[in-house]
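J.: quick one, structure for this:
(2 chains)
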Protein chains: 2
Amino acid sequence: MKIVITGGGGFIGSKLAKALLARGTLAAERIARLTLVDQAFPAGLPEDPRLAALAGDISDAKFAERAIPADTTSIFHLAAVVSGAAEADFDLGMRVNLGGMRAVLDQARKCVHPPRLVFASSVAAFGGDLPKVLDDSTTPAPQTSYGVQKVISEYLVSDFSRKGYIDGRSLRLPTIVVRPGKANAAASSFASAVVREPLNGIAYECPLPPETGVWLLSPRKVVEAFIHAHDLSAAKWGAKWGANRVVNLPGITVTVGEMIEAMGKIAGAQARKRVSFKLDARIDAIVKTWPVRFATPRALAMGFKADPDVDAVIRDYIADEGIKV
Amino acid sequence: MKIVITGGGGFIGSKLAKALLARGTLAAERIARLTLVDQAFPAGLPEDPRLAALAGDISDAKFAERAIPADTTSIFHLAAVVSGAAEADFDLGMRVNLGGMRAVLDQARKCVHPPRLVFASSVAAFGGDLPKVLDDSTTPAPQTSYGVQKVISEYLVSDFSRKGYIDGRSLRLPTIVVRPGKANAAASSFASAVVREPLNGIAYECPLPPETGVWLLSPRKVVEAFIHAHDLSAAKWGAKWGANRVVNLPGITVTVGEMIEAMGKIAGAQARKRVSFKLDARIDAIVKTWPVRFATPRALAMGFKADPDVDAVIRDYIADEGIKV
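T.: This is a model prediction of the structure:
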């Protein structure tokens, strides 16, 4: 298999790359090449003869041509401008999130065999006047440009698949918790920071009230989901669902207050005291449009899995990142 | 008002232009300029000092810049590659239907005041595993590239509106019946031809069986809908529906057999005998994915109107086109 991960320098892209190299196979075939594509890469990429890193702008057609050679068998398209940034800079979001998807699809279409393409979409696809529990029939009505760009990309992935140009699969990711590193411009940044910062001994001002709900999935489970989405046969995606190649991933619903409580239970009262609240109306306005509860029968029937509970999510994070508690 | 109609050389664009010139106002303001934009124009455009015609490719940004000057107040975006053609030539459909929308939006955004933009979308937005009666909550799952391009355009119109760059309104048009002229590459061509050709004394081989249902609206009513959609205040589009600027227009459900019967009742048994049936599997496969029955409470509450019945649709066509019966 000859694999490309766009956004391969990012947190999830890097984890996916490590998991693929450790696994050695994809769709039961040996991984011959794994190319990470991103604007920049963190220090310390694994030393591995199968691995290459290519820096550039995926929305640039000429770069996309180099990044996705004609013998590519599998593409994980994770590259994106995050929600807060796409809202603050409309043109940037359109260029990277839409233009990048177009460049990837146009290049994928030129491959010798239609490659499998797994696209990282988002529950930011949903918004507006939502039902209490969303399901596979809920119509995407995003209230952010990021969400709109994700939904449009899903429709393109489905249509390129229907035409036989690619074999695409779009996953609507819950908020990924716990992200390591620093807070970023994503409006969802709080959902990881509220656990991560206190565990790292850092005080954190949460910009949202404790009753704020989050529909979440751990880094471990999302990496599993990407690989599972890729390895499922096209029939599993197509038969009952027509040209619809999009699935809402399973997740769990947890409030910010419950996350802080679980973190305190694992790491102690002192860690818990490091969290205070200072409402940020701008972030609150974005997060309020995101859905919190889903029924995901299609994804569960296809074999996708959520985390068992928020305690497991926090314990996995502590184990994976080698945090001292 | 300074108005642009893309696809202004087409059948509906021309009718809309005539109606606007006759009306003299739009949103209760005097029409100062009306520019028709299209690849080509039919002979016999009305002589009117307010009217101009500009030939070019709307998906070309440089042409779009000329077509939509900064003082434009209103855009009716009707230009499109029809369904059958967009399916046969994927790149053409993507360029004109998506690229054209992008060029129009990018140019509209540069206007001094955010222009009102009315976009001609289509019930081809729907497909796949549909409910018996579609409604305002049915999720678009188009099974043609044309439908995908329309849905993506709707999302762009809604997001550009949410951002305040335009004041957009997307109308999902039923099949427009009766179209004058010749059969074209649209898969929906049969729905007009089955009435029009016999009325013109021409034999017609219908490519679909008589039980085929059609969700239809007349040219008169669609022109009224475009003007009504434009003239409604932004509040009427926004208040309850968030960023969703899309509406399913009302229509009536009629079978091909019922259309032939109504036509025969009006024009006589001889006209009726001019229709025969010869199934075209390719067209049948596309038309089968289209929905036939809708509940349209949102549109009706907003004041959009369907035709009373198929007899009225046929009689209006005969009157408007000066057909001798």
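J.: what's the longest helix seen in chain A packed up against?
T.: In chain A, ranked by residue count with DSSP state H as the criterion, the top helix is helix A:145-162. Applying 3 or more CB pairs under 8 Å, 6 or more residues apart in numbering or on different chains; DSSP states H and E, we find helix A:145-162 packed against helix A:83-88, helix A:90-93, helix A:100-108, strand A:116-122, strand A:167-173, strand A:246-248, helix B:145-162. Quick note: C-beta positions are derived from backbone N, CA and C, even for glycine.
J.: all strands of the stretch 1-150 of chain A, in order?
T.: Assigned by DSSP state E, counting those that start in this stretch, the stretch 1-150 of chain A shows strands spanning A:2-6, A:25-26, A:29-30, A:33-38, A:51-55, A:74-77, A:116-122.
J.: how far out from the middle of the chain is the fourth one?
T.: The one in question is strand A:33-38. 17 Å (CA atoms, centre = their mean, to the nearest Å).
J.: then the third one?
T.: Mean C-alpha position of strand A:29-30 versus that of the full chain (CA atoms, centre = their mean) differs by 24 Å.
J.: list the contacts of that strand.
T.: For strand A:29-30, contacts defined as CB atoms under 8 Å, 6 or more residues apart in numbering or on different chains pick out A:1, A:24.
J.: neighbouring strands - and their directions - for that strand?
T.: Strand A:29-30 pairs in its sheet with strand A:25-26 (antiparallel), by DSSP bridges.
J.: report the rounded mean pLDDT for the partner strand.
T.: For strand A:25-26, mean pLDDT rounds to 98.
J.: run through who's touching it.
T.: A:1, A:3, A:20, A:31, A:74, A:227, A:230, A:231.
J.: nearest to residue B:128, of those residues?
T.: Closest approach between those and residue B:128, by CB to CB: residue A:230, at 23.5 Å.
J.: what is residue A:255 paired to in the beta sheet?
T.: Bridge pairing for residue A:255 - DSSP bridges - gives residue A:213.
J.: check contacts around it.
T.: The contact partners of residue A:255, taken as CB under 8 Å, 6+ apart, are A:210, A:211, A:212, A:213, A:214.
J.: one more time with 7 Å
T.: By CB atoms under 7 Å, 6 or more residues apart in numbering or on different chains, the contact set of residue A:255 is A:210, A:211, A:212, A:213.
J.: surely the third one touches residue A:258?
T.: Translated: residue A:212. No - Residue A:212 is not in contact with residue A:258 according to CB atoms under 7 Å; the separation is 10.4 Å.
J.: looking at these two, which is more packed in?
T.: The residue with more neighbours, out of residue A:212 and residue A:258, is residue A:212; 21 against 16, by other CB atoms under 10 Å in any protein chain shown.
J.: redo the strands of the stretch 1-150 of chain A as TSV? Include mean neighbour count.
T.: Shown next, in TSV, are the strands of the stretch 1-150 of chain A (neighbours: other CB atoms under 10 Å in any protein chain shown):
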stretch	mean neighbour count
strand A:2-6	25
strand A:25-26	16
strand A:29-30	10
strand A:33-38	23
strand A:51-55	16
strand A:74-77	26
strand A:116-122	27
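J.: export those strands as a markdown table, with columns for distance to residue A:63.
T.: Below are these laid out as a markdown table (distance: least, CB to CB, whole Å):
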| stretch | distance to residue A:63 |
| --- | --- |
| strand A:2-6 | 11 |
| strand A:25-26 | 24 |
| strand A:29-30 | 27 |
| strand A:33-38 | 8 |
| strand A:51-55 | 8 |
| strand A:74-77 | 14 |
| strand A:116-122 | 17 |
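J.: just to revisit the earlier point, any chance of the helices and strands packed on helix A:145-162 in a markdown table, with distance to residue A:313 too?
T.: Listed next are these as a markdown table, based on distance: least, CB to CB, whole Å:
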| stretch | distance to residue A:313 |
| --- | --- |
| helix A:83-88 | 21 |
| helix A:90-93 | 29 |
| helix A:100-108 | 29 |
| strand A:116-122 | 18 |
| strand A:167-173 | 14 |
| strand A:246-248 | 19 |
| helix B:145-162 | 32 |
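J.: check the ones you listed for me: which has the lowest mean pLDDT.
T.: Ranked on mean pLDDT, the bottom entry among these is helix A:83-88, at a mean of 90.
J.: hmm, who's touching it?
T.: Outside helix A:83-88, the residues within contact range by CB under 7 Å, 6+ apart are A:92-93, A:97, A:124, A:144-146, A:149, A:185-188, A:286.
J.: write a PyMOL command that selects only the buried members of these.
T.: With 16 or more other CB atoms under 10 Å in any protein chain shown as the criterion, this PyMOL line picks the buried residues out of the contacts of helix A:83-88:
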select buried, chain A and resi 93+97+124+144+145+146+149+186+187+188+286
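J.: would you mind listing what in the stretch 1-150 of chain A touches chain B?
T.: A:90, A:128, A:129, A:137, A:139, A:141, A:143, A:145, A:148 (CB under 7 Å from any CB of the partner chain).
J.: buried members of those into ChimeraX, please.
T.: Only the buried entries of the residues of the stretch 1-150 of chain A next to chain B go into this ChimeraX selection, using 16+ other CB under 10 Å:
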select /A:128,139,141,143,145,148
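J.: farthest-separated two in the residues of the stretch 1-150 of chain A next to chain B?
T.: Distance extremes for the residues of the stretch 1-150 of chain A next to chain B: the farthest pair is A:90 and A:137 at 30.0 Å, using CB to CB.
J.: strands of the stretch 201-325 of chain A, start to end?
T.: Under the criterion DSSP E, counting those that start in this stretch, the stretch 201-325 of chain A contains strands at A:204-206, A:213-217, A:246-248, A:252-255, A:275-277.
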